[in-house]
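Enquirer: fold the following, please.
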Amino acid sequence: MARLQRLVFKMMSRRDLGPHVLAFLGYSLLVLVFVWPLPSSLADRITGDSAGDAGAYVWNAYIFSRNIAAGVSVLHTDRILALVSEASLALHNNSLLLSALAAPLSPTFGFIASFNMALIEILILNPFCAYLLAWHETRSRGAAWLAGGLFGFSPFISARVEGHMSLATAFGLPLVVLFTRRALGAGSPLDWVLAGGALAVCAASDPYYLIFGMIAMALAWLFEYVTLEPLPRAQSPILLVAAGALAIPAGLALLWIAVTGGGEFSLASTRVGVHDPHAPVLASTIAAILLLVARRPQRILLKAGALKTLRYPALAGLVAAGLLFPWLRTAAAQVLERGGMATTLWRSSPDGVDLLSFFMPNPTHPLFRGIVEPWMTRQRADAFVEGVASFTVVAILVLALLIAHRHGSAPKFWLVFTGFFAALALGPFVLIGGESTYVPGPWAILRFVPGIGMVRSPGRFAVLAALGVALLLAHALATANLGRRRGVAMAGIGLLLGFETIGPPRRLFPAVLPHRFQVVAEDRCDVAILRLPTGIKDGTRQRGRFSSETQFRQVFHGKRLVGGYLSRLSDETLEAYEENPTLRALLDLSEGKAISAQARREAVRGAEDLSRDVRIGFIAVNKEEASPELRDLIQEAFRPRVINKAWPFAVYIPFGEDCARGQCGHRPGCPHREFRESMAAGRASDH
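Expert: A predicted model of the protein is given here:
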């Protein structure tokens, strides 16, 4: 412990402590502007649509707090998918760290306010940890502070605040790079221990960031111990012949596709199909690489003793594994139950970010959003939150000016770091202006590496490219010749960066329970609510029709849900819902499918058993979304009694006339169960 304390004091000496505290306070004030007007509406607004991913992250924090209060595992829940006893959250998109910060605040401030307060804490740590990395690299406070702000308020972070809050929890990544760089620079083994702790922070922020942190650590190690040595240029006929053998047929194939649209032809006894440019462009890319190797041959050299040093990154990995053991054990068990992760075909990976997205103005700024967002979302509704990766125009221009005209430095490591992760963020095939060039990027190969291939969305690597740009700016600012008015120049650059990255007001979304659900929230029975249309879904498949807003509302009413959303549903859960005749019919009708007369009879017969087993206490129907056939089935199967109607919603008690006999989920003594005929003025005959 004493050695750890000495290391911490070494990192942050008494002389440095004051400036670091001032930097932290400065970021704290800027974050309030960055998310304004959220600080004035902590209890009833959030930064994203409650019907989308933002609502799911609030729900994650709610479940975390609820489980902590109940003294049960935070990696499981029984509050959704009521047909199964328990659902695993180990592979669910979540930010355990964000939820953990919100949990102690929720009893005092409520779930919405505590979530927003935790998010603000995260957004302060993002620039501050990047600042610590830039300070370690440059020892220039002004340059480090601007670099921290560029990363912490980057368009990547700003866009993810609107939905993917786990991806906005990015401060673990600069910590991984900081401790790794310190350790590689003749640091003690305790630096590697801290790097392992930072990896655990990354995993608790978003599982993707654990993989990103490990790749960043590996890249730093390779840069330190592996070098490329130019070889004398010599004739390489084999490489030249191979390049020609690939390039000529590929060029002919591309010409054929351009002229005729492609097709099939016979090669000896084999039919060969060429319908799109993927394979020919891949062959052309390989040919270009072979030509480059032939013209500029390199030899890979490993420094003496390099392999022995691998025990230190291994130590970091062991520390992270130890801290994450409960989560890793649960997640590994679930992966094994699923028979491993699905294999992605080489041409079917999700796209990365558009190459142009790196160079456009900050798309989240109010001045540019109205222009950029419609262009980005013309093909995918989530393309804005997933696709924003701008380095900012100001940062690009300032960086170019400082390097080209003010003798600012651009260290090779950070150039390689930024270029590598930007290339990964482009995905398997490079997109320019929304059109595929079919040119494969490094992700086309790296995604087949075990573990790394679990990253489904390569565009998220852009967070590390943004960190690289911030560090390049820090080095350029620290070394550039800015003349006698250096402070004025730094302040001017800071104002320009702030103008582009921090552009209030931020869009906010209501986070309140609609009045029609107040009767559900006021009920004290532990019952389930069946919302129609209903469904179950994960990140890749959906059965029925489920809205994430239904799950978000559970934060207020607390009732279990018959349906639900998880990032990854088990096959057993899907089978359980398919095997229940009533739910199978409800799912079919929720999808807009027709059901047979036999399926309807079975659904009606099984409704009472389903209601008792799951303890359904309420049925909420959106009449604009639910088909007449679905509403008719509910009336016939559940014989409900209406308790609230406000178009287009109606809230019912299932088996309202027979609830006292236990057909509904309400407990004895509950007003809904003790209903009498004299109170039946609102009977559910109108549907």
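Enquirer: ok, residue 415 to residue 223 distance?
Expert: Per Cβ to Cβ, to the nearest Å, residue 415 is found 11 Å from residue 223. All C-beta atoms are positioned from the backbone trio N, CA, C, and that covers glycine.
Enquirer: neighbour count: these two, which is higher?
Expert: residue 223 (16 against 13; other Cβ atoms under 10 Å).
Enquirer: ok, then the element right after the helix or strand where that one lies?
Expert: Using DSSP states H and E, residue 223 falls within helix 207-225. Toward the C-terminus, helix 207-225 is succeeded by strand 226-230 as the next helix or strand (DSSP H and E).
Enquirer: so how far is the helix or strand following that next one from its chain's centroid?
Expert: Using DSSP H and E, the helix or strand that follows strand 226-230 in sequence is helix 237-260. Chain-centre distance of helix 237-260: 40 Å, with Cα atoms, centre = their mean, to the nearest Å.
Enquirer: which parts of helix 237-260 are buried?
Expert: Across helix 237-260, burial judged by 16 or more other Cβ atoms under 10 Å covers 239, 242-243, 246-247, 250, 253-254, 257.
Enquirer: for stretch 454-463, same thing?
Expert: Buried residues in stretch 454-463 (16+ other Cβ under 10 Å): 455-463.
Enquirer: and if you look at stretch 403-416?
Expert: For stretch 403-416, the neighbour count (16+ other Cβ under 10 Å) marks 403, 406, 408-411, 413-414 as buried.
Enquirer: any idea how far that stretch is from the chain center?
Expert: 31 Å.
Enquirer: C-terminal to the lengthiest helix in the chain, what's the next element?
Expert: What stands out as the longest helix in the chain, according to DSSP state H, is helix 111-138. Downstream of helix 111-138, the next assigned helix or strand under DSSP H and E is helix 141-152.
Enquirer: about what we covered before: which residues are contacting the helix holding residue 223?
Expert: For helix 207-225, the external contacting residues (Cβ atoms under 8 Å, 6 or more residues apart in numbering) are 93, 167, 169-170, 172-173, 176-177, 180-181, 184, 195, 198-199, 202-203, 302-303, 306, 309-310, 313, 316-317, 320, 324, 413, 416-417, 420-421, 451-452, 454-455, 457, 460-461, 463-464.
Enquirer: check contacts around residue 416.
Expert: Counted by Cβ under 8 Å, 6+ apart, residue 416 has contacts 219, 223.
Enquirer: now with 7 Å?
Expert: Residues near residue 416 by Cβ atoms under 7 Å, 6 or more residues apart in numbering: residue 223.
Enquirer: please apply the same query to residue 634.
Expert: Residue 634 makes contacts with 532, 619, 621, 640, as judged by Cβ under 7 Å, 6+ apart.
Enquirer: ok, and the closest non-adjacent residue to residue 583?
Expert: Once flanking residues are discounted, residue 583 sits nearest to residue 577: 5.1 Å by Cβ to Cβ, 6 or more residues apart in numbering.
Enquirer: tell me how many other residues surround the one you found.
Expert: When neighbours are counted by other Cβ under 10 Å, residue 577 registers 22.
Enquirer: same question for the one 3 residues further on.
Expert: Counted with other Cβ under 10 Å, residues neighbouring residue 580 total 20.
Enquirer: would you confirm that it contacts residue 82?
Expert: No: the pair residue 580 / residue 82 is not scored as a contact, 11.1 Å apart, by Cβ atoms under 7 Å.
Enquirer: and residue 622, how far is that from residue 57?
Expert: Counting by Cβ to Cβ, the gap from residue 622 to residue 57 is 24 Å.
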